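Q: Sequence first, then the predicted structure:
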Amino acid sequence: MKYEKLPPDVKEVLKKYGEIPSVKEAFKIYEERMPHGYLEKKAENKLKRMGYKIISREEAPEWIKRVGSPDIIAVKNGEYILAEVKPSDQLRRYSEAGVKLILVTNVQKGKAVEVWGLEELET
């Protein structure tokens, strides 16, 4: 693959970090510093493939507006999904160990939370 064919976000990585010896290395650095907007767009695209409609906060019901401003609000057949996009270099590095990785957070029920990585965003 030639540099000219790289996605715009990857070209930005090349500009920011100087000349990189190979496209493979450029993509590795890009994945390590994947921008929030890129992941958000990938998540929106997956939800659309799943049949969800992405809606704005203004279109959301009051009970959703009361809890805050999630990055993504999606709806399908009356079922709502809220998504918060949080790139984490630390979790990405831990995942390279190839062992089970547990994300601990302060939600009431962890089973109600799905974690989507790059692989899940593509399927």
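A: Yep, that arrived.
Q: How confident was the prediction at the residue positioned nearest the centre of the chain?
A: With distances taken as Cα atoms, centre = their mean, the residue of the chain nearest its centroid is Leu39 (2.9 Å). Here the pLDDT value assigned to Leu39 is 89.
Q: tell me, how many neighbours does Glu40 end up with?
A: Using other Cβ atoms under 10 Å, Glu40 has 16 neighbouring residues. In this view, the C-beta of every residue, glycine as well, is placed from N, C-alpha and C.
Q: Show the contacting residues for it.
A: Shown in contact with Glu40 (Cβ atoms under 8 Å, 6 or more residues apart in numbering): 71-72, 85.
Q: Restricted to strands, list those residues.
A: Counting by DSSP state E, the part of the contacts of Glu40 found in strands is Ile72.
Q: mind putting the contacts of Glu40 in JSON lines, pLDDT included?
A: Listed next are these as JSON lines, based on pLDDT from 0 to 100:
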{"residue": "Asp71", "pLDDT": "96"}
{"residue": "Ile72", "pLDDT": "97"}
{"residue": "Val85", "pLDDT": "94"}
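Q: quick one: contacts for Glu84?
A: 70-72.
Q: Check Lys46 too.
A: Lys46 neighbours (Cβ under 8 Å, 6+ apart): 116, 120-121, 123.
Q: mind checking the SS state of it?
A: Here Lys46 is recorded as helix under DSSP: H, G, I helix; E, B strand; the rest coil.
Q: Could you count how many residues lie near the nearest residue to Ile81 once chain neighbours are set aside?
A: Leaving aside its chain neighbours, Ile81 sits nearest to Ala74 (4.5 Å; criterion: Cβ to Cβ, 6 or more residues apart in numbering). Per other Cβ under 10 Å, the neighbour tally for Ala74 reads 21.
Q: Tell me the strands beside the helix or strand hosting Ala74, with direction?
A: In this assignment (DSSP states H and E), Ala74 forms part of strand 72-76. Sheet pairing for strand 72-76, assigned by DSSP bridges, gives strand 53-55 (antiparallel), strand 79-83 (antiparallel).
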